[in-house]
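Engineer: let's see this in three dimensions:
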Amino acid sequence: MEVVYFILCVLQPICLPIPEMVTVLWGSVEIGPIKSFILGVVGAILGIGVMYWIAKKGSNFLIRKMKCEKKVALFQEYVCRYKIYIIGILFIVPILPDEIICIGSPFVGIKYSVFMGIAVISKIISVGMIAFSGQIARICSLNRVELIIMELVALFIVAKLYTRREKRRDQDTIMSN
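Structural biologist: Residues are numbered from 1 along each chain as shown. Next up is the predicted model:
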């Protein structure tokens, strides 16, 4: 079962249309939260690295083939507006699929080392939130779905506050020039 779960986690950011939450929740139930966390993070990072490399070699072809021009344009708008730190939030909060983030990142010129650093931190958070949601929910007397919704709302609020701060900083820079 562990091998199947790991393969699914590797394929998730490359070609699987199944949301990460579904895969990790299944893994957490089938193999336990600790194994699903470790295998999920390692598998996701491996898959993200492979997808970035594939995208780097053929981003224009992939964008046309996957018919995701609008989603990549949306990704570009987010990155241009909110800097590269938004990539971490996009990996954690399911706004865009991971494969779109992987395809869009080399397309907008984000370096591999920066991208992978953000991916590692983000996947530790996102996979950890999902894999351990059952244990955290029991402690907080919530069910898994309620807890995951609360975590996503909290992340959204943090992202919103961060983007407001960045906008103010950009406006302050413009005003001081």
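
Engineer: low-confidence ranges, the chain, go.
Structural biologist: Applying pLDDT under 70 to the chain flags the ranges 62, 81-84, 144, 159, 162-163, 166, 170-171, 173-177.

Engineer: from F61, how far off is the residue sitting nearest the centre point of it?
Structural biologist: Centroid check for the chain by C-alpha atoms, centre = their mean gives F91 as the closest residue, at 1.4 Å. Between F91 and F61 the distance is 24 Å, computed by C-beta to C-beta, to the nearest Å. Where C-beta positions appear, they are placed from N, C-alpha and C, glycine not excepted.

Engineer: got the buried residues for stretch 32-51?
Structural biologist: Buried positions in stretch 32-51, judged by neighbour count with 16 or more other C-beta atoms under 10 Å: 33, 35-37, 39-41, 43-49, 51.

Engineer: before we move on, what about stretch 4-11?
Structural biologist: Buried residues in stretch 4-11 (16+ other C-beta under 10 Å): Y5, F6, L8, C9, V10, L11.

Engineer: which of the residues you listed sits closest to D172?
Structural biologist: Nearest to D172 out of those is C9 (C-beta to C-beta; 41.9 Å).

Engineer: wait, what's in contact with the closest one?
Structural biologist: With contacts defined as C-beta atoms under 8 Å, 6 or more residues apart in numbering, the neighbours of C9 are T23, V24, G27, L39, G40, V42, G43, A44, G47.

Engineer: give me the neighbour count for the second one.
Structural biologist: Number of residues near V24 (other C-beta atoms under 10 Å) recorded here: 30.

Engineer: for it, what is the enclosing helix or strand?
Structural biologist: Using DSSP states H and E, V24 maps to helix 20-31.

Engineer: CA atoms of that helix as PDB?
Structural biologist: Provided in PDB are the C-alpha atoms of helix 20-31 (Å, rounded to 0.1, in the frame of the first residue of the first chain):
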ATOM      1  CA  GLU A  20      -3.900  16.300  -3.000                       C
ATOM      2  CA  MET A  21      -6.300  16.300  -0.100                       C
ATOM      3  CA  VAL A  22      -8.000  13.200  -1.400                       C
ATOM      4  CA  THR A  23      -4.800  11.300  -1.900                       C
ATOM      5  CA  VAL A  24      -3.300  12.300   1.500                       C
ATOM      6  CA  LEU A  25      -6.500  11.600   3.400                       C
ATOM      7  CA  TRP A  26      -6.600   8.100   1.800                       C
ATOM      8  CA  GLY A  27      -2.900   7.500   2.600                       C
ATOM      9  CA  SER A  28      -3.500   8.700   6.200                       C
ATOM     10  CA  VAL A  29      -6.300   6.200   6.600                       C
ATOM     11  CA  GLU A  30      -4.600   3.300   4.900                       C
ATOM     12  CA  ILE A  31      -1.000   3.600   6.100                       C
END
